[in-house]
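>>> Here is a sequence together with a model predicted from it:
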Amino acid sequence: MFRSSAIAALLVGPLLTHPATAQVIVLDEIVVNPTTDGEEGEETAYETPAPVDVITREEINRETGAGVASVLQNVPGVIAPTNADDPGVAVNIRGMQDFGRVSVTIDGAQQNFGRSGHSANGVVYIDPNMVKSIEVTRGPVAVVGGGAIGGSVAFTTIDADDVLKGDETVAARVTTSAESNGPAGSIHGEAATRIGDAFDIVAAATLRSAGDYTTGDGDELLSAQDLLSGLIKARLRVAEGHETTLTALRLRNNYDNGISTVRRTETTDTTLSLGHHWAPADNDLIDLQARAYYTGTHLDQEDVDGDLLGAQRSFDVATFGGELYNVARFDAYGFSNETIVGADGYVDHVETRDPEGYAEGSTPSGDRQVYGAYIQHTVRRGWFEVIGALRYDGYGLQGTDETTGDDIDRTGGRISPKITVSVTPVDPVTVYATYAEAFRSPSVTETLIQGEHPPPVTFPFYPNPDLKPEVAHNIEAGLMLRFNDLLTAGDKLRLKGSAFQNNVTDYIDLECSTFPLPGGCTYVNIDEAQIRGIELEGLYDAGRFYGQLAATVLDSRNLDEGGELTNVPPSRVSATLGMRAFEGRLDIGATVTLVGEKKDASELFGLTGDSYGLLDAYANYMLDEDTVASLSLKNILDREYTQYLNLQASPGFTAIFSVTRRFGGSPKLASLSGAF
């Protein structure tokens, strides 16, 4: 028997890392707690007793043309697989991915699209130009929607404050970019206005066109795409302490997808989110957030070659969900307290249409309901902090087993605890330890996969209605160091390291008998799987010079049958050195990334586990207060390499040049404010 989730293995672009902002001295990264908004919920990443990181908009902008995959991989323990021929981005945290093991949200709305094939079983389509920040939490999460046994990624879109400055009432910004390896070009525009403190709105749009890229060996791979995306985000404050936010995000991609069979593909992704925040200034016991949302991804395909020329199929995943929680803060008996009580849930509706019958079996139609409730309490006093949480997760799943004709209806639930103890015995040293559990229900695909794999290699898939949910048991210990004025006045050094071991009982994996000969594949439970690792990140900033470090060492075992887990990537380290000049207007730097060998890479599924090294560089220059020019050089040595979990090589040398110009405060623009 051969076990592997590699049939859903992922294909991605380059591994690149860049550090600080182009315009200002690097500050401590700000962490927005998933359960709070505003300044009261912000903590620095190097003061949070958890493996949490925030990617700022400046870092995202530096990767213009490469998407969010590049910046996500700046975080220890994280890779972001993408297909060369598919702009969707998967997220792998500590070797956990697919089927909701990592919770991915955009403005709080769950992104649950996935389809079986030679790619990830869970991707998000997002325009990086629309993203304000990305918060990444590694390891089981108690206060995020059910299933986050690997971690969470929360995308926050831009708002009017990102365009307007000071007391401006109207402003705009335009970014144009050109990319050598494709080639590719894009234009992105934003416009925002505000009416006093009562209302503001931002509208943005992006148009991008890219050709097929070339690898380090000179091979041209199918990767051309056309993208059109738009965003409208409005905020209304009808009374003191109340704020209502409406987000409408739409993205459309056109591209050719496939290796043995090429299909003309159009993907349309829609996110609608309506949220309300109530936080009265005179009552610390009320900090209430409510949100309702809809996300829908529709993917149409038509075969443009192969035996089924002209055949059409489509995939639809619609998610309706919401959340409600309150944060109460109070002091008692000399302790600072924070209590979070909340509930969340969503409904997935999966519908696949394929007259040939192949896609309807590998990505079956069905419905799933996921819901939960939680309470988390934090106690702080001086050098001591304790965080305790309980979360209940439940689910229901409905569909049809076409092999027997039986209707399937499954339910289940579980309570998961979490506790963290953090101690600062000597400033600036903090140590913490965490034990956390998390629960993930089987997906529609894992439970109901059936039918046959399409030609030229055919074999059957079998459903498994008796799949058990996965339960993660994670132990973690961490150390944080914060030094100021260490080598010179005004400098700072931040270090954060952690070690973890995540044991997952009833881990779900794809089992194939004598694959690819007719024996069949089905998802089964492994009694126990183990993933353990060490993560290290650091930042040194002396103003004129700075550096960053991110390192990950991972190991995994199938405790049932032995061997490693396929989705766990090899060890990786990246280091960046940068310099600022001309009073901070010029920011230049270079990054070296080294990736180790994956000795047990599955040749059967075409995975490549070779080690490799990359050299990248960047330069950003502020021409004036409102104009910034950026140049990013990726894979400077033009290496031929394939990131683990990819079936195709990543791009060779690529240069990306962009110019951003902001318009605001002029009489012409100010005169338009009355039209909004």
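Ah, there it is.

>>> Could you tell me what pLDDT the model assigned to the residue nearest the centre of the chain?
Compute the mean C-alpha point of the chain, and by C-alpha atoms, centre = their mean the closest residue is Val153, 4.2 Å away. At Val153, the predicted lDDT confidence score is 95.

>>> What is the subsequent helix or strand relative to the strand or helix carrying it?
Secondary structure from DSSP states H and E places Val153 in strand 151-157. Following strand 151-157 in sequence order, the next helix or strand is strand 170-179 (DSSP H and E).

>>> I'd like to know which elements that following strand is packed against.
strand 184-195, strand 654-664, helix 667-670 (3 or more C-beta pairs under 8 Å, 6 or more residues apart in numbering; DSSP states H and E). C-betas here are computed from N, CA, C, even on glycine.

>>> could I get those as CSV with mean pLDDT?
Converted to CSV, the helices and strands packed on strand 170-179 look like this (pLDDT from 0 to 100):
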stretch, mean pLDDT
strand 184-195, 96
strand 654-664, 94
helix 667-670, 43
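
>>> Dump these into TSV; add mean neighbour count as well.
Formatted as TSV, the helices and strands packed on strand 170-179 follow (neighbours: other C-beta atoms under 10 Å):
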stretch	mean neighbour count
strand 184-195	20
strand 654-664	19
helix 667-670	11
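
>>> Redo these as CSV? Include distance to Gly372.
Converted to CSV, these look like this (distance: least, C-beta to C-beta, whole Å):
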stretch, distance to Gly372
strand 184-195, 36
strand 654-664, 41
helix 667-670, 46
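
>>> quick one: the strands in the stretch 151-300 of the chain?
151-157, 170-179, 184-195, 199-210, 213-214, 220-221, 225-236, 242-257, 263-278, 288-303 (DSSP state E, counting those that start in this stretch).

>>> Report how many residues lie close to Val136.
Look at Val136: counted by other C-beta atoms under 10 Å, it has 24 neighbours.

>>> no wait, Glu535
23.

>>> Kindly report the same for Asp200.
22.

>>> Enumerate the helices of this protein by residue range, in sequence order.
Along the chain, the stretches classed as helices by DSSP state H are 57-62, 68-72, 358-362, 444-448, 667-670.

>>> which residues touch Tyr125?
Listed by C-beta atoms under 8 Å, 6 or more residues apart in numbering, the contact partners of Tyr125 are Pro87, Gly88, Val89, Phe113, Leu251, Asn253, Thr267, Asp269, Thr297.

>>> Need the pLDDT of it.
95.

>>> same question, Gly606
68.

>>> can you check Asp284 too?
pLDDT at Asp284 comes out at 97.

>>> tally of neighbours for it?
Around Asp284 there are 15 residues (other C-beta under 10 Å).

>>> ok, now how distant is it from Arg532?
Going from Asp284 to Arg532 by C-beta to C-beta, to the nearest Å gives 40 Å.

>>> for Val102, same thing?
Taking C-beta to C-beta, one finds Val102 at 18 Å from Arg532.

>>> go on, Lys468?
For Lys468 relative to Arg532 (C-beta to C-beta), the value is 23 Å.

>>> repeat for Ala581
43 Å.

>>> Show me what the mean pLDDT comes to for stretch 573-583.
95.

>>> List the buried residues in that stretch.
Val573, Ser574, Ala575, Thr576, Gly578, Arg580 (16 or more other C-beta atoms under 10 Å).

>>> what do you get for stretch 259-267?
Buried, per 16+ other C-beta under 10 Å, within stretch 259-267: Thr261, Val262, Arg263, Thr265, Thr267.

>>> For it, measure first residue to last.
The first and last residues of stretch 259-267 sit 18 Å apart, counting by C-alpha to C-alpha, to the nearest Å.

>>> Show me the shaky parts of the stretch 101-250 of the chain.
Scanning the stretch 101-250 of the chain for pLDDT under 70 picks out no residues.

>>> thought Ala551 was touching Pro76?
Yes. Using C-beta atoms under 8 Å, Ala551 is in contact with Pro76, at 6.4 Å.

>>> More neighbours: these two, which one.
Using other C-beta under 10 Å as the criterion, Ala551 and Pro76 rank with Pro76 on top: 26 against 18.

>>> and the closest residue to Lys492 other than its chain neighbours, how many residues sit next to it?
Excluding the flanking residues, the one nearest Lys492 by C-beta to C-beta, 6 or more residues apart in numbering is Asn484, at 5.1 Å. For Asn484, the count of nearby residues is 11 (other C-beta under 10 Å).

>>> How confident was the prediction at Asn484?
For Asn484, pLDDT reads 94.

>>> I'd like the distance between Glu385 and Ala50.
With C-beta to C-beta as the criterion, Glu385 and Ala50 are 11 Å apart.

>>> can you redo the buried residues of stretch 259-267 as a markdown table with distance to Gly652 and pLDDT?
Formatted as a markdown table, these follow (distance: C-beta to C-beta, whole Å; pLDDT from 0 to 100):
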| residue | distance to Gly652 | pLDDT |
| --- | --- | --- |
| Thr261 | 26 | 85 |
| Val262 | 22 | 91 |
| Arg263 | 26 | 92 |
| Thr265 | 25 | 95 |
| Thr267 | 26 | 96 |
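
>>> related to what we said a few turns ago, any chance of JSON lines for the helices of the chain, columns distance to Asn464?
Shown next, in JSON lines, are those (distance: least, C-beta to C-beta, whole Å):
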{"stretch": "helix 57-62", "distance to Asn464": "40"}
{"stretch": "helix 68-72", "distance to Asn464": "32"}
{"stretch": "helix 358-362", "distance to Asn464": "14"}
{"stretch": "helix 444-448", "distance to Asn464": "6"}
{"stretch": "helix 667-670", "distance to Asn464": "60"}
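
>>> Between the ones you listed, which has the poorest mean confidence score?
Among the helices of the chain, helix 667-670 scores lowest, at a mean of 43.

>>> quick one: buried residues of stretch 366-381?
Of the residues in stretch 366-381, those buried (16+ other C-beta under 10 Å) are 366-376, 378-379.

>>> Please apply the same query to stretch 386-403.
Under 16+ other C-beta under 10 Å, the buried positions of stretch 386-403 are 386-387, 389-401.

>>> ok, those residues vs Asp197, which is closest?
Ile387 (34.3 Å; C-beta to C-beta).

>>> Do I have it right that that closest one meets Pro49?
Yes. Ile387 lies in contact with Pro49 (C-beta under 8 Å); the separation is 7.4 Å.

>>> Are there residues contacting both of these two? Which ones?
The contact lists of Ile387 and Pro49 share Thr420, Ser422, where a contact means C-beta under 8 Å, 6+ apart.

>>> Quick check: the gap between Phe155 and Thr245.
In terms of C-beta to C-beta, Phe155 sits 15 Å off from Thr245.

>>> ok, the two, which is more surrounded?
Shown here are Phe155 and Thr245; by other C-beta under 10 Å, Phe155 has more neighbours (25 against 18).

>>> Low-confidence bits of the stretch 551-676 of the chain, can you list those?
In the stretch 551-676 of the chain, residues with pLDDT under 70: 601-606, 665-676.

>>> show me what contacts Arg235?
Contacts of Arg235 by C-beta under 8 Å, 6+ apart are Asp159, Ala160, Phe199, Asp200, Ile201, Glu243, Thr244, Thr245, Leu246.

>>> Could you find the closest non-adjacent residue to the third one?
So that's Phe199. For Phe199, the closest residue by C-beta to C-beta, 6+ apart turns out to be Leu236, at 5.5 Å.

>>> how close does that neighbour get to Gly218?
Taking C-beta to C-beta, one finds Leu236 at 54 Å from Gly218.

>>> same check, this time on Asn129
Applying C-beta to C-beta to Asn129 and Gly218 gives a distance of 30 Å.

>>> These two - which one has more neighbours?
Using other C-beta under 10 Å, the more surrounded residue of Asn129 and Gly218 is Asn129, with 25 against 9.

>>> who does the closest residue in space to that one that isn't next to it in sequence bridge with?
Closest residue in space to Asn129, ignoring its immediate chain neighbours: His188 at 4.3 Å, by C-beta to C-beta, 6+ apart. Beta-bridge partners of His188, counted by DSSP bridges, are Thr175, Thr206.
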